[in-house]
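# Pasting the sequence and the predicted coordinates here, then a few questions.
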Amino acid sequence: MDGVWDLVVVGGGPAGAAAALRAAQLRPGARVLLLDKADFPRDKACGDGIAAHGRDELALLGLPGLLDDYRPTPHLSVVSPSGARVSATAARPNHVVPRRVFDARLVEAARARGVEVRRHRVRDLRANGGHVLVDGTIRARAVVAADGAHSAVRRLIGLPAATARHTAIAVRGYADVPPDDDAQLIAMQKEGWPAYAWSFPIGDGTANVGFGMLLPRLRAAGRPGRDVLHGRLAELLPDRPARDLRAHHLPLSTGRPAPGAGRVMLAGDAASLINPLTGEGIYYALLSGRLAGEAAVRAAADPLPAYRRSLRGALGRHLRTTDVLARLAQSPGFIDAAIGTAAHRKEVFDLLVEVGLGAGTVPPPVVLAVARRWLRDSLTRRLPDRPSR
Ligand SMILES: Cc1cc2nc3c(=O)[nH]c(=O)nc-3n(C[C@H](O)[C@H](O)[C@H](O)COP(=O)(O)OP(=O)(O)OC[C@H]3O[C@@H](n4cnc5c(N)ncnc54)[C@H](O)[C@@H]3O)c2cc1C
């Protein structure tokens, strides 16, 4: 035993690092322990896309320049399920930074702020008086579970994992691209919808490329998952043969995250905080981690209610919006209509980016404009062609 920690964070990805950084930032001298089963730098299967909103979070954590040596990727091209393309310059550029680099920088920043970082795989956790006992020897006033998609802590506190219906799976690799390629490409697919391939150039002559789809659709393909994912990626980006292929699950948001139990707060993927429309999770991980770290030091007597409130305040309406949109998006025609509308109206394009990568919601007039287009497109498809005279 090494005394009582003010906060023990399980997992050193963006969610865990943000929790540790925030706690140490708000209360210098707080005893914060960050545990991860891996040593850093370590790889994590991801598209490496960091939205502008994620950079806002880094600034709040006191790390505004963390990605300054990476080139911004200002352009975004989206191809709809039926093949319509919209290309525009994003209102604020995204960055593409390999997770091997990004996560190690965050953990290093936490260490520099006085957080103790240990390599340790958490296997057991129990409430013990006013504390949490981790693996029988580590005593904590509060725990942030940021141990990712297959969170052991989530299971240990009795909360269910994401259902297959709300789980996606994606494979990512790296491919050579022209060094001046600075456009992120998202190519949606009708086959196995919802499914899409991406190419996110890093700025060093390589791009992160990948393909993802919903788990039930992958199972329905009736072939080994690996063959389907690797095959579709090669087929969709034939000019970008990928190396270092690696796949991982994405627990998608259901609109109402379970924030934890007792003195344990869930953050990031452990709380199934992944945007169901885009697969974006780094911004949510940084945000939820920051709020959990904040609650651990500002509401130390009972952090969970404070965390639940602040998470709801920051993301509640947005998560409910993405849940409704994800249901509508089961029909590829809806996404075609949304992208078709965005192709003609830059403010709709910017709004879709806010909803897909940030904490945006959709104002009723935009819903109406998309619905009108969806209806018109479906009627046009249904009506028989008039005979030509
Ligand atoms: C293929 C793919 C592409 C994606 N592309 C993007 C993208 O481009 N942009 C984006 O924003 N999001 C993307 N995502 C989602 C994003 O990767 C996640 O949302 C994000 O990594 C969540 O961060 P986290 O800190 O919650 O979890 P993680 O990053 O998974 O970190 C969890 C950490 O916990 C540690 N851990 C696990 N179990 C234990 C244990 N028992 N004890 C101790 N430590 C443990 C792990 O070693 C790991 O370091 C993608 C996901 C996938 C799978």
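Good, I have the coordinates.
# List the buried residues in the helix or strand harbouring Gly340.
Element membership for Gly340, per DSSP states H and E: helix 332-344. Buried residues in helix 332-344, counted by 16 or more other Cβ atoms under 10 Å: Pro332, Gly333, Phe334, Ile335, Asp336, Ala337, Ala338, Ile339, Gly340, Thr341, Ala342, Ala343. Any C-beta I mention is one placed from the backbone N, CA and C, and that applies to glycine too.
# and the stretch 201-350 of the chain, which of its residues are near the ligand?
The interface of the stretch 201-350 of the chain toward the ligand, taken as Cβ under 6 Å from any ligand atom, is made up of 210, 248, 250, 268-270, 274, 279-283, 285.
# Show me which of these is closest to Asp43.
Distance to Asp43, by Cβ to Cβ, is smallest for His248 among these, at 10.4 Å.
# ok, now how distant is the residue nearest to that closest one when sequence neighbours are not counted from the ligand?
Of all residues not flanking His248 in the chain, Ala45 sits nearest, at 3.8 Å (Cβ to Cβ, 6 or more residues apart in numbering). Distance of Ala45 to the ligand, computed by Cβ to the nearest ligand atom, to the nearest Å: 5 Å.
# circling back to that earlier point, and the residues of the stretch 201-350 of the chain next to the ligand, which two are the farthest apart?
By the measure Cβ to Cβ, these have their two most distant members at Gly210 and Ala270, which lie 22.0 Å apart.
# So for the two, which residue has more residues nearby?
More neighbours surround Ala270 than the other of Gly210 and Ala270, with 34 against 29 (other Cβ atoms under 10 Å).
# Give me the pLDDT for that one.
On the pLDDT scale, Ala270 is placed at 98.
# Isn't it up against Val143?
No: Ala270 lies out of contact with Val143 (Cβ atoms under 8 Å); the separation is 11.0 Å.
# and the angle from the host helix or strand of Leu304 to helix 332-344?
Assessed by DSSP H and E, Leu304 sits inside helix 303-328. Angle, helix 303-328 to helix 332-344, by axes from the mean of the first three to the mean of the last three Cα atoms, to 10 degrees: 90 degrees.
# Against which helices or strands is helix 303-328 packed?
On a contact count with 3 or more Cβ pairs under 8 Å, 6 or more residues apart in numbering; DSSP states H and E, helix 303-328 meets strand 260-261, strand 264-266, helix 282-298, helix 346-357.
# for the second one, what is the average pLDDT?
Model confidence over strand 264-266, given as mean pLDDT, is 98.
# so what does that strand touch, helix or strand wise?
Packing partners of strand 264-266 (3+ Cβ pairs under 8 Å, 6+ apart): strand 143-145, helix 152-156, helix 282-298, helix 303-328.
# What's the local residue count around the closest residue to the ligand within the stretch 51-200 of the chain?
For the stretch 51-200 of the chain and the ligand, the shortest gap (Cβ to the nearest ligand atom) falls at Gly148, measuring 3.0 Å. For Gly148, the neighbour count with other Cβ under 10 Å is 25.
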